[in-house]
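Visitor: heads up, no residue letters with this:
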Ligand code: NAP
């Protein structure tokens, strides 16, 4: 029987091995999710909220256990893993509190005696999820979907199967009926069969655009609704009047948090000509000073990449960019020793047409790009296949807001790194995907928006 081996990216050691389930077992689990749905869809918001709040408690009460598991399996620093679990508790409670209000009937004035919009659950939602925030990404889909009365099935990234089973167990411990949230330990190749299962009504995927294209096309052929949360190469514009100490501290955090593997991380720094050299000097010092090391050590700033093959891929992208004319300022070498470590790296003088400009570099590598003026900076920012997040760093907030409004992205933050927040919608445009998660927009993605007319 096929199995998946989990490797600790910090040590290169094997942590665990999980057997894949067969296609027959997977379809049995889908059947259970459908049986659960037939009852779950009729539960009240009060019942659902009680359990969703209990899930929030579960995350909070066992934060350390979940955090250690995430760090062991994918290498993020332990402090950041704890924050991720806290965020899971926040999102669970957020939807426990607001789902009923988001999904309450919306009256519409017409010639009818009574007309309104009603929001009904749809059925089983399949989630194909990545490893970079192994708990948060799943809860971001599951909390609204389940609060809306759907049931969820998960195909998690292979390298975080322990987190996937821990999530299933967390739902069980919170008291959710069996089948409301199910982990399917299947391979990427088995996803097609699950999408084709008539009981599965919708698919949400967070991951690379390549995976998104494949899953969306299968879902499209089967006329199933999809939400796609894909990659990004977020532009951060550093304007002439920016506080450079602050800007380079933010840039360092943005590029190194989650070991450089955040979809909405600042990746392309577009810096105005007059401050370009000074920015590079300060940024290089801070990136070099950040401590790389064991992610369990509280003093570590960033840990290893999640897998050795991902490090190879990243290094090839760095080398390709250099061969295309990018200037290596710091880093750029694979260190000796165990684990999937890659040092903080800065590529300067990056231009359109280079790998580091055109594609996503998913690791601690920053691309610094020179802009001759603000208009040029906006053109460069928007010259991307992606459109997830974006940012503007300036001391003139009103001006920053004007620039932010011109950026082609799902979100634009002024003087702050883009973060997700359950109160605001989250998602992208262009090859960063479509649809929205979080807030009231997120919960409306997987419901039947039904019109009622009483004559
Ligand atoms: P990935 O390789 O696309 O994998 C994501 C998930 O899709 C995994 O569960 C993977 O399974 C599965 N998968 C891959 N190819 C598939 C296919 N052809 N058919 C069905 N399933 C498939 O991405 P990743 O390396 O885990 O994550 C990094 C990417 O995700 C980056 O591009 C990042 O920007 C993006 N991301 C986006 C967001 C967002 O909210 N927009 C958030 C986080 C990450 P296996 O693990 O078994 O291969």
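Guide: Perfect, I can see it now. Quick caveat, the model's predicted, so the values are computed rather than measured. Numbering: from 1, shown residues only.

Visitor: from here on, contacts and neighbour counts on C-alpha atoms
Guide: Will do.

Visitor: ok, the residue in the stretch 251-400 of the chain that the ligand sits nearest to - contacts?
Guide: In the stretch 251-400 of the chain, the residue that lies nearest the ligand is residue 263 (3.6 Å; Cα to the nearest ligand atom). Residue 263 makes contact with 230-233, 362, 388 under the criterion Cα atoms under 8 Å, 6 or more residues apart in numbering.

Visitor: residue 305 too?
Guide: 9, 74-75, 259, 261, 311, 340-342, 363.

Visitor: same check on residue 443?
Guide: 99, 102, 144-145, 148, 437.

Visitor: returning to that earlier point: and the contacts of residue 263 as a markdown table, adding secondary structure, neighbour count and pLDDT?
Guide: Below are those laid out as a markdown table (DSSP: H, G, I helix; E, B strand; the rest coil; neighbours: other Cα atoms under 10 Å; pLDDT from 0 to 100):
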| residue | secondary structure | neighbour count | pLDDT |
| --- | --- | --- | --- |
| 230 | coil | 27 | 98 |
| 231 | coil | 27 | 95 |
| 232 | coil | 32 | 95 |
| 233 | coil | 28 | 96 |
| 362 | coil | 24 | 97 |
| 388 | coil | 29 | 98 |
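
Visitor: quick check: closest non-adjacent residue to residue 103.
Guide: residue 119 (5.7 Å; Cα to Cα, 6 or more residues apart in numbering).

Visitor: ok so that neighbour is a strand residue?
Guide: Yes. Counting by DSSP: H, G, I helix; E, B strand; the rest coil, one finds residue 119 located in a strand.

Visitor: quick one: secondary structure of the residue of the stretch 251-400 of the chain closest to the ligand?
Guide: Looking at residue 263 with three-state DSSP, the answer is coil.

Visitor: look up how far residue 387 lies from it.
Guide: 11 Å (Cα to Cα, to the nearest Å).

Visitor: can you work out which residues contact both of those two?
Guide: Both residue 263 and residue 387 are contacted by 232-233, under the criterion Cα under 8 Å, 6+ apart.

Visitor: coming back round to it: for the residue of the stretch 251-400 of the chain closest to the ligand, what are phi and psi?
Guide: When read as degrees, to the nearest 10, the backbone of residue 263 gives phi -60, psi -40.

Visitor: ok now whichever strand or helix holds residue 138, how far from the chain's centre?
Guide: Using DSSP states H and E, residue 138 maps to helix 136-147. When distances are taken as Cα atoms, centre = their mean, to the nearest Å, helix 136-147 is centred 12 Å away from the chain's centroid.

Visitor: just checking, what packs against that helix?
Guide: Contacts defined by 3 or more Cα pairs under 8 Å, 6 or more residues apart in numbering; DSSP states H and E place helix 136-147 against helix 45-61, helix 78-102, strand 124-128, strand 151-155, helix 439-443.

Visitor: let's see that with 7 Å instead.
Guide: In this structure, helix 136-147 packs against helix 78-102, with contacts taken as 3 or more Cα pairs under 7 Å, 6 or more residues apart in numbering; DSSP states H and E.

Visitor: the ligand contacts on the stretch 201-350 of the chain?
Guide: Contacts of the stretch 201-350 of the chain with the ligand, taken as Cα under 6 Å from any ligand atom, map to 206-208, 211, 214-215, 229-232, 263.

Visitor: with the stretch 1-150 of the chain instead?
Guide: 128-131.

Visitor: how about the helices in the stretch 101-250 of the chain?
Guide: Along the stretch 101-250 of the chain, counting by DSSP state H, counting those that start in this stretch, helices occupy 136-147, 161-174, 191-196, 209-221, 244-256.

Visitor: highest mean neighbour count out of those?
Guide: helix 136-147 (a mean of 24; mean count of other Cα atoms under 10 Å).

Visitor: what are the contacting residues of stretch 181-193?
Guide: Under the contact criterion Cα atoms under 7 Å, 6 or more residues apart in numbering, stretch 181-193 has outside partners 20-21, 26, 151-155, 164-165, 168, 171, 218.

Visitor: what two of the residues you listed are the furthest from one another?
Guide: Greatest spatial distance among these (Cα to Cα): 171 and 218, at 28.9 Å.

Visitor: so where do the strands sit in the stretch 201-350 of the chain?
Guide: 225-229, 234-238, 266-272, 327-330, 345-348 (DSSP state E, counting those that start in this stretch).

Visitor: dump those strands to a markdown table, plus mean neighbour count and mean pLDDT.
Guide: What follows is the strands of the stretch 201-350 of the chain, written out as a markdown table (neighbours: other Cα atoms under 10 Å; pLDDT from 0 to 100):
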| stretch | mean neighbour count | mean pLDDT |
| --- | --- | --- |
| strand 225-229 | 23 | 98 |
| strand 234-238 | 32 | 97 |
| strand 266-272 | 27 | 96 |
| strand 327-330 | 16 | 98 |
| strand 345-348 | 24 | 98 |
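
Visitor: in a markdown table, list those along with distance to residue 286.
Guide: As requested, the strands of the stretch 201-350 of the chain are arranged in a markdown table below (distance: least, Cα to Cα, whole Å):
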| stretch | distance to residue 286 |
| --- | --- |
| strand 225-229 | 31 |
| strand 234-238 | 16 |
| strand 266-272 | 15 |
| strand 327-330 | 11 |
| strand 345-348 | 11 |
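
Visitor: how about the helices in the stretch 351-455 of the chain?
Guide: 355-358, 374-382, 397-404, 439-443.
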